[in-house]
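Participant: task: produce atomic coordinates for the following.
(one chain, ligands or ions: 2)
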Amino acid sequence: MSMNTIGFLGAGNMAGAIIKGLIASGFEAKSIWVFDRNQDKRDGWAALGLSIAKNADDLVIHSDALVLSVKPQGLKETCESIASAVADHKPLILSVVAAIPAQSIAQWLSASLPIIRVMPNTPSLVQAGASGLFANNLCLPEHKAFAETVFRAVGRISWVEDEQLIHSVTAAAGSAPAYFFRFAEAMSKTALEQGLTEQQARTLIGQTMLGAAKMILETNEDIGQMRKNVCSPNGTTERAIFSFNDDQIDTVVNNAMKACFDRSVELTDLLSQ
Ligand SMILES: NC(=O)C1=CN([C@@H]2O[C@H](COP(=O)(O)OP(=O)(O)OC[C@H]3O[C@@H](n4cnc5c(N)ncnc54)[C@H](O)[C@@H]3O)[C@@H](O)[C@H]2O)C=CC1
Ligand SMILES: O=C(O)[C@@H]1CCC=N1
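Facilitator: Numbers count the residues shown, from 1 in each chain. Ligands and ions are numbered 1, 2, ... in the order given. Reported below is the predicted structural model:
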């Protein structure tokens, strides 16, 4: 099995982040194929040197691995439209689509195929993505190795053995950049009120998030201990943390992650038939 080309069916925000991350990490643009039904998007990708398929079937024919990257609501129709090209060409199927089980994809493609579900996130754009992966039982080690090559090129990966855990990956990583952007938006607003300029706030807050993230990933220190190390007794940080605790930060975060998880389960129930 040789894996030389990768195709993206639907090249919007998420596929775009992966594609740009892959190019930045040295993947040859011409080996990346895309088909998006939006002409402007196709033109934009062509300008970056990617190979543009004439239509979805043409994409399948040119792809050793095919990434399904349309919205969950459109996946059934999309899969059914490419079923015969997939049956003929048999690309490795990688799906980044939230909530849709591998079994539904196989059924809509009318085929028993190796399918890898991936829940990536948009920091893949800057090669700092986090992707959870699940392989169905038809995947061989070389299929998993190929998926690892792609998603390691744009960040860190973690395999899950139980497909249900993709819901948890969605709550902890796929959707999670938005939580941190939301937190940064709130911090920036206050920093401006406290006299910093927008650019100063962006630099200081962004770098602080990056620094805290690097400490989590690159040291073995307990996260709670790292938080305590910032808090001088009766100092400034302690007051901020007391304020978060008084405002029930654990409940706020728990509610948000549960809402995310529950919506993922709900979408599965609504869309997987
Ligand atoms: N945006 C994110 O942060 C993440 C998104 N995902 C998943 O990625 C998938 C795509 O999401 P986004 O990129 O955010 O959406 P998007 O709307 O930005 O991109 C979807 C693209 O698919 C194209 N498209 C739709 N139907 C098509 C068809 N039949 N043939 C060709 N192109 C078609 C659209 O024109 C659009 O450009 C979703 O299933 C989502 O659950 C997963 C993880 C993170
Ligand atoms: O919001 C969504 O449904 C998609 C899936 C994970 C991130 N974005």
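Participant: contact residues of the stretch 51-200 of the chain facing ligand 2?
Facilitator: A98, T170, G174, S175 (Cβ under 6 Å from any ligand atom). The C-beta positions use only the backbone N, C-alpha and C, and glycine is treated the same way.
Participant: ok, S81 - how many residues close by?
Facilitator: Using other Cβ atoms under 10 Å, S81 is surrounded by 14 other residues.
Participant: what strand or helix carries it?
Facilitator: helix 72-89 (DSSP states H and E).
Participant: how about that helix, does it reach ligand 1?
Facilitator: Yes. On the criterion Cβ under 6 Å from any ligand atom, helix 72-89 is in touch with ligand 1 at P72, G74, T78.
Participant: most neighbours among the residues of the stretch 51-200 of the chain next to ligand 2, which one is it?
Facilitator: Using other Cβ under 10 Å as the neighbour test, those are led by G174, with 26 neighbours.
Participant: the helix or strand harbouring G44 - contacts with which helices or strands?
Facilitator: Counting by DSSP H and E, the element that carries G44 is helix 39-47. Helices and strands touching helix 39-47, by 3 or more Cβ pairs under 8 Å, 6 or more residues apart in numbering; DSSP states H and E, are strand 32-35, strand 51-52.
Participant: 7 Å instead, please
Facilitator: strand 51-52 (3 or more Cβ pairs under 7 Å, 6 or more residues apart in numbering; DSSP states H and E).
Participant: tell me the strands beside the strand it packs on, with direction?
Facilitator: Sheet pairing for strand 51-52, assigned by DSSP bridges, gives strand 32-35 (parallel).
Participant: for the record, mean pLDDT for the strand it pairs with?
Facilitator: Per-region confidence: strand 32-35 scores 98 on mean pLDDT.
Participant: what lies in contact with that strand?
Facilitator: Strand 32-35 is contacted by residues 5-9, 11, 19, 22, 45, 50-53, 55-56, 59, 62-63 when judged by Cβ atoms under 7 Å, 6 or more residues apart in numbering.
Participant: if you set the cut-off to 10 Å instead, what comes out?
Facilitator: Defining contact as Cβ atoms under 10 Å, 6 or more residues apart in numbering, one finds that strand 32-35 is touched by 5-11, 15-16, 18-19, 22-23, 41-42, 44-46, 48-64, 66-67, 69, 82.
Participant: and it, anywhere near ligand 1?
Facilitator: Yes. Interface with ligand 1: strand 32-35 contributes F35 (Cβ under 6 Å from any ligand atom).
Participant: count of residues packed around the residue in the stretch 1-150 of the chain positioned nearest to ligand 1?
Facilitator: When scored by Cβ to the nearest ligand atom, the stretch 1-150 of the chain has G12 as its residue closest to ligand 1, at 1.9 Å. For G12, the count of nearby residues is 14 (other Cβ under 10 Å).
Participant: contacting residues for it?
Facilitator: Contacts for G12 (Cβ under 10 Å, 6+ apart) come out as D36, N38, K41, S69, V70, K71.
Participant: buried subset of those?
Facilitator: Buried residues within the contacts of G12, counting neighbours by 16 or more other Cβ atoms under 10 Å: D36, K41, S69, V70.
Participant: thought the second one was touching L48?
Facilitator: The one in question is K41. No. Using Cβ atoms under 10 Å, K41 is not in contact with L48; the gap is 11.1 Å.
Participant: can you list residues touching both of these two?
Facilitator: Counting by Cβ under 10 Å, 6+ apart, the common neighbours of K41 and L48 are G16, V34.
Participant: where's the closest residue to ligand 1 within the stretch 151-273 of the chain relative to W33, distance?
Facilitator: With Cβ to the nearest ligand atom as the measure, G174 is the residue of the stretch 151-273 of the chain nearest to ligand 1, at 4.1 Å. Between G174 and W33 the computed distance is 24 Å (Cβ to Cβ, to the nearest Å).
Participant: circling back to that earlier point, mind giving me the packing neighbours of the helix holding S81?
Facilitator: The contact analysis (3 or more Cβ pairs under 10 Å, 6 or more residues apart in numbering; DSSP states H and E) places helix 72-89 against strand 6-9, helix 56-62, strand 65-68, strand 92-95, helix 102-108, helix 249-271.
Participant: most tightly packed of the ones you listed?
Facilitator: Of all the helices and strands packed on helix 72-89, strand 6-9 carries the top mean neighbour count, a mean of 28, counting by mean count of other Cβ atoms under 10 Å.
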